[in-house]
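In: okay, predicted coordinates and the sequence, questions at the end:
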Amino acid sequence: MKTVLITGANKSIGFETARQLAKQGYFIYLGSRDINNGTQAADTLKAEGLSNVEAIAIDVCDKASIEAARKTIEAKSGLLDVLVNNAGILGIQPQNASDMNTDEIRKVFDTNFFGTIDVTQAFISLLEKAEVPVIVNVTSGLGSLTLHSDPNWKYYPYKTAAYGTSKTAQNAYTVVLAAELKDKGFKVNAIDPGYTATDFNNHSGPNSVEYAAAFVARYAVLDANGPTGNYFSPDIETENNESPW
């Protein structure tokens, strides 16, 4: 049974992605900063008949927590097939580039950007043992510089000095990481689940959590022929949903 670690998996898109991948036969480690919240989420899935799930404590802003999670998964499974870097924060509002406190910007970057890097680097050695290692970096359309430069883009007015820029940085890291790991057979992509109704945005998004999670899950189950080094979004209405950087 292939193994998956999803950070921030105790609620919203992360939780629903865990549910959908568990239904496809993957063993899911539900990463949660608060193990009690993670355990409750795992118990919910187990009550639905999905026994192939386990809560694991992981705070993406705490290297000791990340290392402890890595050791736990290594001891239990020996390897990791899929890493979904889903944990993220929006940050305080508003986020004006001209006056947002840089301490608040750093908080967002610590989770969305540096957290992704720290988790990825910690689990590379376990992913290398997989037949087809997959890394999904959950991003946002707000990270696209091309779209943000287009006044006709429907989300053009939504500029965020911390959240959007942290996702732009995460996208750049995805490009570099994918190129570095390509010859090792890794599939590394940036996946925007689309504007989704969650507590992240006061449930203002038009897409459902189920729809968003299905899009994320699609890129978690790639085989050796799958794409790598790409940026995909359901909001890009083309045949392959590839988004411009």
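Out: Yep, it's here. Numbers count the residues shown, from 1 in each chain.
In: can you give me the pLDDT of residue 194?
Out: Turning to residue 194, the model gives it a pLDDT of 89.
In: so what's it up against?
Out: For residue 194, the residues meeting the contact criterion (CB atoms under 8 Å, 6 or more residues apart in numbering) are 141, 205, 207, 211-212, 215, 233-235. For glycine as for every other residue, the C-beta is placed from the backbone atoms N, C-alpha and C.
In: among those residues, which pair sits farthest apart?
Out: The most widely separated members of those are 141 and 211, with 14.7 Å between them, by CB to CB.
In: quick one, which of these two is more surrounded?
Out: Set residue 141 next to residue 211 and count neighbours by other CB atoms under 10 Å: residue 141 wins out with 23 against 17.
In: for that one, which non-adjacent residue is spatially closest?
Out: Leaving aside its sequence neighbours, residue 141 sits nearest to residue 192 (CB to CB, 6 or more residues apart in numbering; 5.0 Å).
In: show me what contacts that neighbour?
Out: The contact partners of residue 192, taken as CB under 8 Å, 6+ apart, are 138-141, 143, 231-235, 243.
In: with distance to residue 82 and pLDDT added, can I get those in a markdown table?
Out: As requested, the contacts of residue 192 are arranged in a markdown table below (distance: CB to CB, whole Å; pLDDT from 0 to 100):
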| residue | distance to residue 82 | pLDDT |
| --- | --- | --- |
| 138 | 13 | 98 |
| 139 | 17 | 98 |
| 140 | 20 | 97 |
| 141 | 23 | 96 |
| 143 | 21 | 98 |
| 231 | 18 | 98 |
| 232 | 16 | 98 |
| 233 | 20 | 98 |
| 234 | 20 | 96 |
| 235 | 24 | 94 |
| 243 | 21 | 98 |
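In: buried subset of the residues you listed as a PyMOL selection?
Out: To isolate the buried members of the contacts of residue 192 in PyMOL, using 16 or more other CB atoms under 10 Å:
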select buried, resi 138+139+140+141+143+231+232+233+234+235+243
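In: filter the contacts of residue 192 down to the ones in strands?
Out: In this view, the contacts of residue 192 that belong to strands under DSSP state E are 138, 231-232.
In: tell me the pLDDT of the residue most central in space within the chain.
Out: To find the centre residue of the chain, average its C-alpha atoms and take the closest one (CA atoms, centre = their mean): that gives residue 86, at 2.5 Å. Residue 86 carries a pLDDT score of 98 in this model.
In: so what's residue 231 bridging to?
Out: For residue 231, the residues forming beta bridges with it (DSSP bridges) are residue 190.
In: list the residues that contact it.
Out: 139, 144, 171, 174, 189-192, 242-245.
In: if we go to 10 Å?
Out: When contacts are counted by CB atoms under 10 Å, 6 or more residues apart in numbering, residue 231 is found next to 137, 139, 141, 143-144, 146, 171, 174-175, 189-192, 241-245.
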